[in-house]
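Peer 1: Here is my input; please provide its structure:
(2 chains)
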Amino acid sequence: MEIKPPQDGELPIEPSQLNMGPSHPAMHGNIHMKLTLDGERVRDAEVNIGYLHRGFEKECEAHCWQQIFPYTDRLNYVSPMLNNVGWALAVEKLLGVTAPPRAQYLRVVLGEIARICDHLTYLAAQVMEMGAFTPYFYCMKARDWLWDGLEATTGARLTHAYVRIGGMAWDLPPGFKEKTLELLPRVLGVVDEIDALMTRNRIFLDRMEGIAVISGAEAVGYGWTGPCLRGSGVAYDVRKAAPYLVYDKLDFEIPIGKNGDNLDRYLVRLEEIRQSARIIEQALAQLPEGPILIDDTRVVLPAKAATYNTIEEMINHFKLVIDGIRPPKGEVYSYTEAGNGELGFYIVSDGTGRPVKVRCRPPCFMGMAALGKLIKGTLIADIIPTFDTINMIGGECDR
Amino acid sequence: MSQVALEKLAARFEAAVLETHGFRGDETAVVEARALREICLWLRDEPSLAFDMLCDATAVDYLTYPGRGEKPRFEVVYHLYSTQHRLRLRLKVLVPEELPEVDSLHELWPIANWLEREIWDMYGIRFRGHPELRRILLYEEFVGHPLRKDYPKEKRQPLVRRPEPEIAEVLARRGRARPILDLANPGSPPKR
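Peer 2: Predicted structure coming up:
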């Protein structure tokens, strides 16, 4: 952008530097932006990430395959269940095993609950940082209801570590199905409230519409996936493009936007909550009975009675705990649709109980890579809603 | 499905494709590092393939991998995706320890800029032609490349904290002398 030479009577303008973050109330997850400003307009922006780096990939190389679940909880910490599922599917792909049908349905149900929580957190942050504090509490209220169900199932509100390689840790608590079915309409009621409060709000629309536009082709070039890419009109969703678990047996739609602006990214997520609720209802209706873990003691711990009463199973248990599951030599890339898009795990095994390499493809890393370009030419005030629509989660982006 | 892409690639760049294999439905081609840019450009622009998304790029350090033989230490791994044809392909280039350099792909896919910065940060592999190859997740003063297999997980970094004697001196000047801890030998009695 050119800086206009001063007209008669005007003071000369010089570009100024402004550091936003890493500790800034709106730069949640710790982001640093070095802005070059022309008045209030952003001429140039350098986005720096990494303030939440904990060495996830290095730590994984020192642990057994099954010990990595708690670490995945801390990737995208607003939808940890989806990361659990992503990791389990990656190791299962390497092993060449499939979880039993009931476990697959449970993964879908709990995963979609996590997706609703993810999008509710996004909505909460989006509206709060634009000054609308009341809807924030509405979103948190609905998220808390859903977390109650997750807590009753897994024992933790956030760090579930509930999925296992080859299935799930244990079955649902009694009454889960009824409670969830009763809860979903109430959650959707909250979403309708937000919709009514925000989507018809003059200030909200003015700050979202036509701001930070990215075309579908550009978004693909930046490796965007998930709701952000769909906001730009590209109907790519892993659940439809390469169905995993039982998504091919469920009827749902992929909402897409047209313009690729902030408003589209918001609307897509709003609609995705409704679609996730549809998925949960159908999956609960189809939920089969049966085992929740595969019957393969190379992967799953033997039954406690057998462990304590037979020497073979005792040895087996010991070997699994100390040495870990031993997948064959090889490499796989497994990908699932997480809250922010394609969550990929590229894993390399040398046949031992510990991975040689664990690469996590974080979807919001790609969003952040394009952020500098997105906010160029906008006003300082536009940075905050734009950054919110990327839904950057530090734990996932920085790992 | 992706077999198609692998066959076309092998037919078009016979000399540059060193090895191909499929495992659990993932198709992989190991290609000459010299031809990487040309191959990627073709994969992106060939209409029947149209790999428009660089889904992921990372590296692997095979220093401790058993039975590796004479193969170079590093591999840089690219995962490509075609949104139009829903094809996936994994490309790998072998990178020797002595000259860890690969051509940058940032002009083909803009996301390569950040992905390559992360590989440089974590593995110390340089990318020729990259506009600003600097660390991305770690800080500038970080010493070493932590995802290399010879980087110990517990290694300390210079900027983690100020040296003990320095802290003691700062506090002593304020009349608050305190014992100096020997960080190299945890558990040893503090010096007075």
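Peer 1: C-alpha from now on. contacts and neighbour counts both.
Peer 2: Will do.
Peer 1: Alongside chain B, which residues does the stretch 151-300 of chain A contribute?
Peer 2: A:Val220, A:Gly221, A:Tyr222, A:Gly223, A:Tyr236, A:Ala241 (Cα under 8 Å from any Cα of the partner chain).
Peer 1: Do you know the pLDDT at A:Gly96?
Peer 2: On pLDDT, A:Gly96 comes in at 89.
Peer 1: and if you look at the one 10 residues further on?
Peer 2: Here, the pLDDT recorded for A:Leu106 equals 93.
Peer 1: same thing with A:Pro5?
Peer 2: The model's pLDDT for A:Pro5 equals 68.
Peer 1: Show me the helices in chain B, by range?
Peer 2: B:3-12, B:36-45, B:112-123, B:164-173 (DSSP state H).
Peer 1: Mind putting these into TSV with distance to chain A, mean neighbour count and mean pLDDT?
Peer 2: Output for the helices of chain B, formatted as TSV (distance: least, Cα to the nearest Cα, whole Å; neighbours: other Cα atoms under 10 Å in any protein chain shown; pLDDT from 0 to 100):
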stretch	distance to chain A	mean neighbour count	mean pLDDT
helix B:3-12	16	16	82
helix B:36-45	11	18	91
helix B:112-123	6	24	93
helix B:164-173	24	13	84
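Peer 1: and of those, who's closest to A:Met81?
Peer 2: For these, the distance to A:Met81 is smallest for helix B:112-123, at 25.9 Å, taking Cα to Cα.
Peer 1: what does that closest one rub up against?
Peer 2: A:369, B:54, B:56-59, B:61, B:104-106, B:125-127, B:130-131, B:133-138, B:145-148 (Cα atoms under 8 Å, 6 or more residues apart in numbering or on different chains).
Peer 1: and the residue lying closest to B:Leu54 once chain neighbours are set aside, how many residues sit next to it?
Peer 2: The shortest distance from B:Leu54 to any non-neighbouring residue, by Cα to Cα, 6 or more residues apart in numbering or on different chains, is to B:Leu80 (4.8 Å). B:Leu80 has 23 neighbours, counted by other Cα atoms under 10 Å in any protein chain shown.
Peer 1: Grab the most central residue of the chain for me.
Peer 2: Looking at chain A here, since you left the chain open. Among the residues of chain A, the one closest to the centroid is A:Gly339, at 2.9 Å (Cα atoms, centre = their mean).
Peer 1: Chain B, not that one
Peer 2: B:Ile119 (2.6 Å).
Peer 1: what about chain B, any weak spots by pLDDT?
Peer 2: Across chain B, the ranges flagged by pLDDT under 70 are B:1-2, B:159-161, B:180-192.
Peer 1: what about the closest residue to the residue nearest to the centre of chain A other than its chain neighbours, is that helix, strand or coil?
Peer 2: Leaving aside its sequence neighbours, A:Gly339 sits nearest to A:Arg115 (Cα to Cα, 6+ apart; 5.4 Å). Following DSSP: H, G, I helix; E, B strand; the rest coil, A:Arg115 is assigned to helix.
Peer 1: what's the neighbour count on A:Arg115?
Peer 2: Around A:Arg115 there are 26 residues (other Cα under 10 Å).
Peer 1: I'd guessed it sits against A:Ser79; true?
Peer 2: Yes: with contacts counted by Cα atoms under 8 Å, A:Arg115 reaches A:Ser79, the gap being 6.1 Å.
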